[in-house]
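Peer 1: quick one: sequence and predicted model below, then my questions.
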Amino acid sequence: MALSSRIISVVAAATVAALTLSGCGSSDPFGSSASSDGGGSSIVVGSANFSESEIIARIYARALNDEGIRASVKANIGSREVYMKALEDGSIDMVPDYSGNLLQYYDADSTAVSENDVYKALGKALPDGVGVLDKAAAQDADSFYVTKKTSEDKGVRSLADLGRLGSHVKIAAPPEFAGRAYGPDGLKKHYGVDVTLVPVNDGGGAATVKALTDGSVQFVRLDSTSPLIAANDLVRLDDPEQLILAQNVVPVIASDRVNDKARAVIDRVQSALTTDDLMEMNARSANDKESAQRVAVDWLKKAR
């Protein structure tokens, strides 16, 4: 990963907008040569209750610490309903999220779909005191999958084909899926299919996939960067009605508790993070059982 060439524009902007960062002009932008915390207290970075979120949170915290900004991680807080409340009540100061889902959380009626439109709309939809930093190129979208056998035998390649599975179908997904814009109500509205949720509280993990492969459900919701997709030869269903919006990784912050120096550090992380990175890190976590901290540290070393 050639980080230096990918952050030139961000570094230039940060030089104007933020305090000067040690190492900004070097080939090691995350080098630890700073000694000040930038004038603020320790930053608590939260994460949702799945491994990718924790890995990104630990990347943020480690990058901040490497620049002399005290940071810690509060991992596996829960779903968006829980960690956004924690951000607003001061329990955490920053949390990684995904642009489209966060937009729909605050504005379910938004018509934005593309990366830039979603990002702009998100900035306007957030409550007072909450902001987002730069979006990453990295995306991880909620997506829907069937087994390869179901796809081939029933001709199901799109959400528009779900009716071929029957008038009423079951999906395995996290409990909070019930209230999402792309949940049962959204599927009914856009694709005319009645869906019953079979809640599986493992963040789209092995238990969710098992419900599909053992025939308990007809399709599942998984993160598009999950290594379980390829491992189980699952088929992603097209979404012609664009029920799922662009889902770029975005750092959500408490605006008054994250200063300019910290923001510039995180923006440079964002400029380097790719979808391929997410897939590689998730595979290490799921397949190799490596800790989120180890994976995060290795990513930062590679990004130098």
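Peer 2: Cool, the structure landed.

Peer 1: each with direction, which strands does the top strand by length along the chain pair with?
Peer 2: For the chain, the strand with the greatest residue count under DSSP state E is strand 71-78. Strand 71-78 sits in its sheet next to strand 43-48 (parallel), going by DSSP bridges.

Peer 1: which other residues reach the partner strand?
Peer 2: Residues outside strand 43-48 that contact it (C-beta atoms under 8 Å, 6 or more residues apart in numbering): 53-54, 56-58, 60-61, 64, 69-80, 83, 86-87, 91-97, 203, 257-258, 262. Any C-beta I mention is one placed from the backbone N, CA and C, and that applies to glycine too.

Peer 1: if we go to 6 Å?
Peer 2: 53-54, 57, 60-61, 71-75, 77, 83, 86, 92-95 (C-beta atoms under 6 Å, 6 or more residues apart in numbering).

Peer 1: now do the SS call for D256.
Peer 2: coil (DSSP: H, G, I helix; E, B strand; the rest coil).

Peer 1: tally of neighbours for the nearest residue to it once chain neighbours are set aside?
Peer 2: Nearest residue to D256 in three dimensions, chain neighbours excluded: G129, at 6.4 Å (C-beta to C-beta, 6 or more residues apart in numbering). G129 has 12 neighbouring residues, counting by other C-beta atoms under 10 Å.

Peer 1: check G123 too.
Peer 2: Considering only other C-beta under 10 Å, G123 is surrounded by 13 other residues.

Peer 1: three-state assignment of it?
Peer 2: Per three-state DSSP, G123 ends up helix.

Peer 1: please indicate which of the contacts of strand 43-48 are buried?
Peer 2: 53-54, 57, 60-61, 71, 73-75, 77, 83, 86, 92-95 (16 or more other C-beta atoms under 10 Å).
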